[in-house]
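S.K.: Got a predicted model here, sequence first, then my questions.
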Amino acid sequence: MSAEPLRRAVATVCLSGTLEDKLAAASAAGFGGIEVFEPDLVASPWSPAELAARCADLGLSIDLYQPFRDLDSTDPARFDRNLRRAEAKFDVMAALGVDTVLVCSSVAPDAVDDADLLAEQLATAAARAGERGLRIAYEALAWGRHVSTWERSWDAVRRADSPALGLCLDSFHVLSRGGDPAGFAAVPGEKLFFLQLADAPHLQMDVLQWSRHHRLFPGQGAFDLPRFVGCVLAAGYTGPLSLEVFNDVYRQADPARTAVDAMRSLQWLEEALALRRPDAGLPLPPAAPALTGWSFTELAVDGVSGPQLAGVLDALGFAHTGQHRSKPVQLWEQGRARVLLNASVVRPAGPGVASVAALGLESADPQRSAARAEAMSAPVLPRTRGAAEAELSAVAAPDDTQVFFTRTGPDGWPADFLPTGRPPGPGTGITGIDHVGLTQPFDAFDEAGLFYRAVLGLDPQEVTELAAPFGLVRTRAVTGPDRAVRLTLSVSALRRGGWAPGVPEPQHVALATDDLVATARALRAAGAPLLSIPANYADDLAARVDLPDDLLAAVREHGLMYEEDAHGGYLHLATDVLGDRVFLEVVQRLGGYDGYGTTDAPVRMAAHRRRRQALSTGGR
Ligand SMILES: O=C(O)c1ccc(O)c(O)c1
Ligand SMILES: [Mg+2]
């Protein structure tokens, strides 16, 4: 493998909009090339020559024209007709200045099964292409009628033995069928004409539907793309790394954003490749420094929600220990749990605005964290900072939450706060932040998983789905290796129904305690607004799990919830929704429990809904 960087390309089918929108997005995100998806050209007012000129202006090379479908035929007249269709496409390719066309395996009823006849027809078409200086990259669609594995496509290409015929390897088609990329070693490098990359979640469904709706960018799904590409490169492939992702969300999302997300997936993939081959001298971005814990969580509040949240933090045993030197920001502390209330939001109406505005994460090297973020196409935020205030680097996550890289120490961020002189107080047993739960915008869920993985070096965990009162919710945690940092990301699986409340599902900050029953008792005594959970929940819990009687009594008395996984248990409680869209959770992990109370979430959501309705109709 040479140390020369491979071209990064993206198929126009990955991006939403017209061809104009797609090209602008691909170019702005820094791609060097594109695959022209034929329907995009057919729908365009540009002639092929005009498209070529536009691409040249934008610094994009056209690396592939695709797809050409159903070439071979058991009916000679039909095959002849298909050859004429191919010639017309060769004219288009000449005008576009692209030398490679993707021919995918036939799905038609007249597709050729006989290996020699198929090779002969491919060779005939390749000879026509070759006469014009063009080449054919043959791809096995996972649902091809007779050719549905890469081995079968390679068999045809090998038999055809034509210099203008080679393979197109598409990671989706190979990996969705459980193909082994180690086999690519048998293919001469010069026969690997093109490489298309897509990740995907593991799903049990028809492979065509899986491919057309659920493909993802590398690093977003469950496939081992670094290994796949490593095998292709080891076999001698030198063409572009080209993304081909058919995805329902990306089809309708802002193409400029999708293109950046796509670029990040290749930056992540290339790093993974470089790390696998330390001798190859491939360039590496700054490694993600370890994130060693939470320095703070910042909530944006207004004139209504600010005092409400301050009152709740007080009841939770937090102390207002600091006031920002130059901004309307309060620091509240208990143990290692630090919550900032930032009253810069001005909208004193309704229930008040409250949301998670920023996450402060302890970094072993904040500056390198920021450099890493930049190398991974993350938007690094400009900082305004007053005299004597700490330098803080921050990036914007896909949902616009600000992520600060901090070092808590004498010269770190706490120096920005003037002590109020209030003593910490006895507290209620809260020791720190366990995790923060962020509800994602509909289009941002998969993007967010990759963002936290590539930019922050966190590990995305499995996606789970739950049936919530207002529809399916998809959720996934991203965690540091030692779990010092845990985030949960959730999203509605479908557009929220028209009758669901207009406010989005709330976000939450989960606070850790070593003894939830004791903490719950203290919160009760202090009048904290704890969410009540229906008795049916505790009855069902008692039927399912053998809990000690005193614990079950505490569950009933305080509205606790309890969940188990293979490693341990999780006791948790929630407050009411505070302001319009946050609540606080208090959680106790027992044994090695590694989850987030996800199966209890629908009960909690229904209780929040009931409580919000009661409050809005004047109840308390
Ligand atoms: O879904 C399809 O038809 C299709 C077309 C072209 C490709 O390269 C591909 O992987 C799938
Ligand atoms: Mg493909």
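M.R.: Received the coordinates, thanks. All values reported here derive from a predicted model rather than from experimental measurement. Ligands and ions are numbered 1, 2, ... in the order given.
S.K.: Only C-alpha atoms from now on, for both contacts and neighbour counts.
M.R.: Noted.
S.K.: in the stretch 251-400 of the chain, what spans have low per-residue confidence?
M.R.: Counting by pLDDT under 70, the stretch 251-400 of the chain has low-confidence residues at 345-351, 384-391.
S.K.: Which parts of it are helices?
M.R.: Ranges of helices within the stretch 251-400 of the chain are 255-276, 305-315, 366-375, based on DSSP state H, counting those that start in this stretch.
S.K.: So which of those helices is nearest residue 536?
M.R.: Evaluated with Cα to Cα, those place helix 305-315 nearest to residue 536, the distance being 27.3 Å.
S.K.: send the alpha carbons of the closest one over as PDB?
M.R.: Backbone C-alpha positions of helix 305-315 (Å, rounded to 0.1, in the frame of the first residue of the first chain) are rendered in PDB as follows:
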ATOM      1  CA  SER A 305     -37.100  28.200  34.800                       C
ATOM      2  CA  GLY A 306     -34.000  29.600  36.400                       C
ATOM      3  CA  PRO A 307     -35.400  30.100  39.800                       C
ATOM      4  CA  GLN A 308     -37.400  26.900  39.500                       C
ATOM      5  CA  LEU A 309     -34.200  24.900  38.800                       C
ATOM      6  CA  ALA A 310     -32.300  26.600  41.500                       C
ATOM      7  CA  GLY A 311     -35.000  25.700  44.000                       C
ATOM      8  CA  VAL A 312     -34.900  22.000  42.800                       C
ATOM      9  CA  LEU A 313     -31.100  21.900  43.000                       C
ATOM     10  CA  ASP A 314     -31.400  23.300  46.500                       C
ATOM     11  CA  ALA A 315     -33.900  20.600  47.500                       C
END
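S.K.: Mind giving me the packing neighbours of it?
M.R.: Packed against helix 305-315, as judged by 3 or more Cα pairs under 8 Å, 6 or more residues apart in numbering; DSSP states H and E, are the following elements: strand 337-342.
S.K.: The strand it packs on pairs with which strands, and in what direction?
M.R.: In the sheet, strand 337-342 lines up against strand 291-300 (parallel), strand 329-334 (antiparallel) (DSSP bridges).
S.K.: and of those, who's closest to residue 599?
M.R.: Evaluated over the strands paired with strand 337-342, closeness to residue 599 peaks at strand 291-300, with 24.9 Å, by Cα to Cα.
S.K.: That closest one relative to helix 305-315, how many degrees between them?
M.R.: The directions of strand 291-300 and helix 305-315 differ by 130 degrees, with axes from the mean of the first three to the mean of the last three Cα atoms, to 10 degrees as the criterion.
S.K.: Kindly reformat the helices of the stretch 251-400 of the chain as CSV and extend each row with mean neighbour count.
M.R.: Shown next, in CSV, are the helices of the stretch 251-400 of the chain (neighbours: other Cα atoms under 10 Å):
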stretch, mean neighbour count
helix 255-276, 22
helix 305-315, 20
helix 366-375, 21
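S.K.: Keeping just the C-alphas, turn whichever strand or helix holds residue 101 into PDB.
M.R.: Taking DSSP states H and E as the definition, one finds residue 101 inside strand 100-104. Coordinates of each C-alpha in strand 100-104 appear next as PDB, following Å, rounded to 0.1, in the frame of the first residue of the first chain:
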ATOM      1  CA  THR A 100     -15.600   3.600 -15.400                       C
ATOM      2  CA  VAL A 101     -19.200   2.400 -15.400                       C
ATOM      3  CA  LEU A 102     -20.700   0.200 -12.800                       C
ATOM      4  CA  VAL A 103     -22.600  -2.800 -14.200                       C
ATOM      5  CA  CYS A 104     -24.600  -4.500 -11.500                       C
END
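S.K.: same question for it, mean pLDDT?
M.R.: Per-residue pLDDT values over strand 100-104 give a mean of 99.
S.K.: so how far is it off the chain centroid?
M.R.: For strand 100-104, the distance from its own C-alpha centre to the chain's C-alpha centre is 30 Å (Cα atoms, centre = their mean, to the nearest Å).
S.K.: which residues sit against it?
M.R.: Counting by Cα atoms under 8 Å, 6 or more residues apart in numbering, the neighbours of strand 100-104 from elsewhere in the structure are 63-71, 93, 134-141, 168.
S.K.: Domain map for the chain?
M.R.: Under automatic domain parsing, the residue ranges defining each domain of the chain are 8-280, 291-616.
S.K.: related to what we said a few turns ago, partner strands of the strand holding residue 101, with direction?
M.R.: Paired strands of strand 100-104, with direction, are strand 61-68 (parallel), strand 135-139 (parallel) (DSSP bridges).
S.K.: for the shortest one, what is the average pLDDT?
M.R.: The average of the pLDDT scores along strand 135-139 is 99.
S.K.: what do you get for the first one?
M.R.: Across strand 61-68, pLDDT averages out at 98.
S.K.: got the angle between the helix or strand that it is followed by and strand 61-68?
M.R.: Next helix or strand after strand 61-68 toward the C-terminus (DSSP H and E): helix 76-96. In terms of direction (the same axes, to 10 degrees), helix 76-96 departs from strand 61-68 by 160 degrees.
S.K.: mind showing which ranges of the protein have poor pLDDT?
M.R.: Applying pLDDT under 70 to the predicted model, the residue ranges of the chain that meet it are 1-3, 345-351, 384-391, 618-620.
S.K.: Apply 80 and report the result again.
M.R.: For the chain, the stretches flagged by pLDDT under 80 are 1-4, 345-351, 382-392, 408-411, 502-504, 616-620.
S.K.: what's the nearest residue to residue 363 once chain neighbours are set aside in contact with, if anything?
M.R.: Here the nearest residue to residue 363 in space, its sequence neighbours aside, is residue 291; by Cα to Cα, 6 or more residues apart in numbering that works out to 4.6 Å. Taking Cα under 8 Å, 6+ apart, we find residue 291 in contact with 361-364, 456, 480, 484-485.
S.K.: Tell me how far residue 291 lies from residue 458.
M.R.: Separation of residue 291 from residue 458 (Cα to Cα, to the nearest Å) stands at 9 Å.
S.K.: Give the intersection of the neighbour lists for those two.
M.R.: Once Cα under 8 Å, 6+ apart is applied, the residues that residue 291 and residue 458 both contact turn out to be residue 480.
S.K.: just checking, residue 29 touches residue 256?
M.R.: Yes. A contact is recorded between residue 29 and residue 256 when judged using Cα atoms under 8 Å, the distance being 7.3 Å.
S.K.: helices or strands next to the helix or strand hosting residue 166 in the packing?
M.R.: Applying DSSP H and E as the criterion places residue 166 in strand 165-170. Contacts of strand 165-170 with other secondary structure elements, assessed using 3+ Cα pairs under 8 Å, 6+ apart, are made with helix 115-131, strand 135-139, helix 150-160, strand 192-197.
S.K.: Please give the centre-to-centre distance between the first one and its chain.
M.R.: Meaning helix 115-131. Distance, stretch centre to chain centre, for helix 115-131: 42 Å (Cα atoms, centre = their mean).
S.K.: what is the orientation angle of that helix with strand 135-139?
M.R.: Following the same axes, to 10 degrees, one obtains 150 degrees for the angle between helix 115-131 and strand 135-139.
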